[in-house]
Structure formats: C-alpha cells, structure tokens
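In: dropping a prediction and its sequence here:
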Amino acid sequence: MSFVEYKEFIEDGDTAIVFLGHDSMFPITIQNGSQTQTKYGVIRHSTDLIGKKYGSKVICSKGGWVYILYPTPELWTLNLPHRTQILYSTDISLITMMLELKPGSVVCESGTGSGSLSHAIIRTVAPTGHLYTVEFHQQRAEKAIEEFRQHKVDHLVTVKNQDVCKHGFGVTGIADAVFLDIPSPWEAIGHAKSAMKSEGGRICSFSPCIEQVQRTCLALEEHGFTEINTLEILLRVYDVRTINLQVADLGRAAEEKSSLDGTDRTKQISAVQHGSALFKSGVPPRETVGHTGYLTFATKSLF
Ligand SMILES: C[S@@+](CC[C@H](N)C(=O)[O-])C[C@H]1O[C@@H](n2cnc3c(N)ncnc32)[C@H](O)[C@@H]1O
C-alpha cells in the first residue's frame, strides 16, 4: 500500500480506512492476527480483511457492516492523528492549483505539522518530484518521518528538523514552489527566495490573521516578488429545502397557451390562482462559518 499508487487487495501492514459513514471513519494498520472493534462488532484482520478487495463491504461480528477503503490524501486529511491544526482539502485544492504543482515539481514546505498538506503535495509531485518539509518541533518531525515511511512515500520527501526562519529549507536554487504555514512567515521569505530556482517559481503563505498577511505582503514586496494576491475560501453549503414561492400571474392567455397537460396543468392553474407554489430548492445557511485563513500567493520572476 502506497499513498501514490493504487492496488486492489488488502495486505498485512497496509494502512486502511474503516468507513462507517461520511461522518464516521478511522484509519487502521492491517496486522495478521489483530482485530478492530467497531460499534457493529469486531473485524478480524486475518479472516475479514487480508486478501479482500479495497472497497469491500465487511460484515462485523454483530451483523452490521463497514467499508474498507484505500487511503487517499483526502481521506487521510479527514482521519489523521492531529498533532497541530491542519489544512483541509478546500484550501489544499486551491494551493495545489495556484502553486502550479504537477508531477516532477520540487516543493519546499514549513511547518510540516500533522502532514495533512504534505501527503497531498507528495501525491501531486510523484513519481519524479520531491518535497522538502521543515518542522522545528522534534517529535512532530519524527512522527512525520515515521508516517511517510509507513505510507511508502519516504523516497519522495525529506523532513528537516530545524527552524525555517533561522536556517531555511536546507536547499538552494531547486524549488519550483514554496509553501509556508508558520506564525511568522515574513521571517522566512528570504530563505524561501533562495530555495527557489533562479528562473523563478511560486510561493504561498497561509495565515489566519490579516495582520500576519500584511507583514508577509510587505516582506514579499521587499524581496522582489510580484503578482502578490491574497485569497480566502469561504465554503458555502446548500441545504435542500421545499420552499413556497410566489408565482407570477401572467393572465388567462398564458394559462391557455401552456404546453402542460393533465394533472401538471391543473396544478399550475391552481398555483397561479392561489398566488404561490411549492418548489424544491438549494438554500444557503444564513451565516457562512467557513473562514480558515488567508492564502497569500506571489511569484518570483526571472528579472
Ligand atoms: C499549523 S501547523 C502546520 C500544519 C500543516 N500545514 C498540516 O496541514 O498538517 C504549523 C507547524 O509549523 C511548525 N513551525 C512553526 N514555526 C516554525 C519554524 N520557524 N520553523 C519550522 N517549523 C515551524 C509548528 O511546530 C507546527 O507544527
């Protein structure tokens, strides 16, 4: 099992996702002889999982069932053990697109945190690119190294345990893109610039507060970055509701011309007579609580 490839059958040592529902999933490590408890009963790895196809419906000991899913960076983001705040797929998708990441890209990141963004970057730059990720908290750096090894992506990533603001990314002139998710990104802009290729590249910094954004933009300008833009994703969900809407009274001539017949026409005439009708519609909630942070993007140009 590797986060950058797909295979059909579950094997000993794999990381897999136990899916009980969209709001209820958790990761497991498949181990011969081991078992996992769920609210639907026990799953025995040797008999219920190993050798079965990913995506299979597995019946637990109490008769309920779960799906066993192949792990993707998106599923990992929803299920990983949190050591820090993390980035979610809404922001990650914009970061990937605006940093112009693709297979073969070389990327520098700091901090690694819980590795949520790192897994997505690694999947995008594989099989020929590389991620250099810097984390100054020793246990977090060690845990990230262990997870990358377990997820069989360690050949695509180098983890450095150091302060990016003092010592940079440990590489010079090779990065196509740099991503910063640290409290004082403006202190790392100079190091980001020297890590990037001389012909240029893209940078992104994530900050929850506008004061951090202002300082980062000033530092980007001082270091000669161009196309400085700050974006914010506000995720807006829509609920499906049945709503009562006013119907325009277009007069008798419009009713008679209507192409509807039978029951539908009777319903339409009745709606017009009563001035309103019921419709199924997508309704946004009154408040949008989606603010995660600001994403500041900029370009290092050749000149
Ligand atoms: C919010 S977390 C990053 C989360 C990560 N983007 C993810 O998606 O999992 C910020 C991390 O940056 C690390 N950090 C903060 N300042 C740093 C610095 N100057 N050098 C290296 N790492 C730093 C912290 O220890 C923390 O683990």
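Out: Arrived safely, thanks for sending.
In: contacting residues for the residue nearest to the spatial centre of the chain?
Out: The residue lying closest to the centre of the chain (CA atoms, centre = their mean) is Ser89, at 1.6 Å. Ser89 sits next to Glu74, Thr77, Ala120 when contact means CB atoms under 8 Å, 6 or more residues apart in numbering. For every residue, glycine as well, the C-beta is placed using N, CA and C.
In: now those residues in JSON lines, with distance to the ligand?
Out: Formatted as JSON lines, the entries for the contacts of Ser89 read as follows, by distance: CB to the nearest ligand atom, whole Å:
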{"residue": "Glu74", "distance to the ligand": "13"}
{"residue": "Thr77", "distance to the ligand": "8"}
{"residue": "Ala120", "distance to the ligand": "9"}
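In: most neighbours of all these, which one?
Out: Ala120 (23 neighbours; other CB atoms under 10 Å).
In: which strands or helices does the helix or strand harbouring that residue pack on?
Out: Ala120 belongs to helix 116-125 when elements are defined using DSSP states H and E. Under the contact criterion of 3 or more CB pairs under 8 Å, 6 or more residues apart in numbering; DSSP states H and E, helix 116-125 touches helix 73-79, helix 89-98, strand 106-110, strand 130-134, helix 138-150.
In: quick check: Leu20 vs Ser116, distance?
Out: 21 Å (CB to CB, to the nearest Å).
In: who has more neighbours, those two?
Out: Shown here are Leu20 and Ser116; by other CB under 10 Å, Ser116 has more neighbours (24 against 16).
In: next, count neighbours for the closest residue to Glu147 other than its chain neighbours.
Out: Leaving aside its sequence neighbours, Glu147 sits nearest to Gly115 (CB to CB, 6 or more residues apart in numbering; 5.8 Å). For Gly115, the neighbour count with other CB under 10 Å is 30.
In: Glu221 now?
Out: 13.
In: so Ile243 touches Ser281, yeah?
Out: Yes - Ile243 is in contact with Ser281 according to CB atoms under 8 Å; the separation is 5.0 Å.
In: one step back: got JSON lines for the contacts of Ser89, with pLDDT too?
Out: Formatted as JSON lines, these follow (pLDDT from 0 to 100):
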{"residue": "Glu74", "pLDDT": "96"}
{"residue": "Thr77", "pLDDT": "96"}
{"residue": "Ala120", "pLDDT": "98"}
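In: pull the contacting residues for Leu231.
Out: Leu94, Met98, Tyr294, Leu295, Thr296, Phe297.
In: could I have the buried ones of those as PyMOL selection syntax?
Out: To isolate in PyMOL the members of the contacts of Leu231 that are buried, counting by 16 or more other CB atoms under 10 Å, one can use:
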select buried, resi 94+294+295+296+297
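In: out of the helices and strands packed on helix 116-125, deepest packed?
Out: Mean neighbour count (mean count of other CB atoms under 10 Å) peaks for strand 106-110 among those, with a mean of 26.
In: what pairs with the nearest residue to Ile210 once chain neighbours are set aside across the strands?
Out: Nearest residue to Ile210 in three dimensions, chain neighbours excluded: Tyr294, at 6.7 Å (CB to CB, 6+ apart). Judged by DSSP bridges, the bridge partners of Tyr294 are Ser207.
In: can you give the distance of the host helix or strand of Thr216 from its chain's centre?
Out: Using DSSP H and E, Thr216 sits in helix 210-222. Taking CA atoms, centre = their mean, to the nearest Å, one finds helix 210-222 lying 25 Å from the centre of the chain it belongs to.
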